[in-house]
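S.K.: Next input, structure requested:
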Amino acid sequence: MLNLRILRCRSALIRECMAEFLGTFILLLFGCSAAAQVKTSNEKNGQFLSVNMAFSVGVMSAMYLTKGISGAHLNPAVTLSFCILGKVNWGRLLPYSLFQVLGAYMASLMVYLVYYDAIMEYSGGNLTVYGQNETASIFATYPKEFVSVGRSFLDQVVGTGLLLLCILCLDEKRNTPAPPDLIPAIVAVMVLGIAMSLSANCGGAINPARDLGPRLFTLTAGWGTEVFTCYNYWFWVPIVGPLLGGILGSFIYLIFIHWQLPDVEPRENLLTFSSICDQIKHVDNITEKGDEMKTAQF
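M.R.: Numbering: from 1, shown residues only. A predicted model of the protein is given here:
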């Protein structure tokens with residue numbers, strides 16, 4: 001019988017990069033498929049909430065799938081923050097980020113292939129970024145026309161900062177840690193909350209790979225350079241904003257929570273009912289022996 005264990009990669013880094021690729025692929029496959037379904041059906045087969053929920057389910061599924069191999073970052077902003085906090089080796093930052101972007105790119109290709117007919121029917125074969133029948137927003141994120149670049153940048157900083165601030169507490173033993181098996185589901189709910197409250201201005205990317213991978217795909221699939229030049233070269237906002245937001249959220253967590261939590265006392269210094277009883281018995285034994293010695297001397 002063929003031993004399939006021979007297919008196991010010996011390099012830990014390659015295994016982890018494969019996990020990040022597949023996890024980000026799953027995340028974007030859920031989310032962008034929902035966006036394609038909603039957009040091309042004129043919201044007859046779902047609405048804005050459907051997309052938010054699909055991305056959240058994608059996060060949960062991807063985390064359960066890959067958490068045991070790479071930790072399921074799925075986001076360069078998360079990887080960068082973890083490197084700064086010392087949770088991940090800096091040598092992982094670039095490989096993880098590249099494979100996350102590649103996973104997002106390939107997921108966009110898969111969505112395009114699955115929904116090709118619907119996209120062409122909806123757009124009339126004219127793949128554009130602007131206009132009533134634009135389809136670029138199925139894949140990457142774009143701002144509302146009335147939102148300034150500065151406000152969009154703040155939007156991404158706040159959203160990603162909130163994400164890191166909330167997820168860093170989940171395994172904090174000195175606080176109220178979440179059950180390890182439930183962490184993916186809890187993170188998914190957090191992502192859903194952020195998407196429902198902070199995605200109206202510019203799509204709520206909060207993830208450079210989630211935006212850059214699909215944007216690169218649309219560049220190569222027929223939408224052209226407009227996906228990068230539109231809205232006064234706005235594309236850098238969902239890349240730089242989340243990276244800065246993740247760092248700020250991490251430092252806010254350290255300053256306001258991590259460094260303020262009480263230190264764990266050594267186990268031998270903790271007074272429990274049983275330890276108190278043992279100490280009382282020990283004192284009684286010493287007292288009884290002392291009385292016996294005094295009686296013998298008398």
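
S.K.: Surely residue 16 touches residue 67?
M.R.: No: counting by C-beta atoms under 8 Å, residue 67 is not a contact partner of residue 16; they are 11.3 Å apart. Bear in mind the C-beta positions are built from the backbone N, C-alpha and C, glycine included.

S.K.: more neighbours, the two?
M.R.: The residue with more neighbours, out of residue 16 and residue 67 and counting by other C-beta atoms under 10 Å, is residue 16; that gives 21 against 18.

S.K.: What is the neighbour count of residue 123?
M.R.: For residue 123, the neighbour count with other C-beta under 10 Å is 18.

S.K.: Who are the contact partners of it?
M.R.: Under the criterion of C-beta atoms under 8 Å, 6 or more residues apart in numbering, the contact partners of residue 123 comprise 133, 134, 135.

S.K.: if we go to 6 Å?
M.R.: Taking C-beta atoms under 6 Å, 6 or more residues apart in numbering, we find residue 123 in contact with 133, 135.

S.K.: what does the one 10 residues further on give?
M.R.: Contacts for residue 133 (C-beta under 6 Å, 6+ apart) come out as residue 123.

S.K.: go on, residue 54?
M.R.: Residues in contact with residue 54 (C-beta under 6 Å, 6+ apart) are 30, 31, 34.

S.K.: How about residue 213?
M.R.: With contacts taken as C-beta under 6 Å, 6+ apart, residue 213 has the following neighbours: 101, 104, 105.

S.K.: Compare the contacts of residue 54 and tell me which is most surrounded.
M.R.: In terms of neighbour count, residue 31 stands highest of the contacts of residue 54 at 27 neighbours, by other C-beta under 10 Å.

S.K.: isn't it right up against residue 58?
M.R.: Yes: judged on C-beta atoms under 6 Å, residue 31 makes contact with residue 58 at a distance of 5.3 Å.

S.K.: circling back: most surrounded residue in the contacts of residue 213?
M.R.: residue 104 (32 neighbours).

S.K.: Show me what the helix or strand containing that residue packs onto, helices and strands only.
M.R.: Take DSSP states H and E as the rule and residue 104 turns out to sit in helix 93-114. Counting by 3 or more C-beta pairs under 6 Å, 6 or more residues apart in numbering; DSSP states H and E, the packing neighbours recorded for helix 93-114 are helix 12-40, helix 76-85, helix 208-221.

S.K.: Using a markdown table, please lay out the ones you listed together with distance to residue 188 and mean pLDDT.
M.R.: What follows is the helices and strands packed on helix 93-114, written out as a markdown table (distance: least, C-beta to C-beta, whole Å; pLDDT from 0 to 100):
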| stretch | distance to residue 188 | mean pLDDT |
| --- | --- | --- |
| helix 12-40 | 10 | 98 |
| helix 76-85 | 14 | 98 |
| helix 208-221 | 15 | 98 |
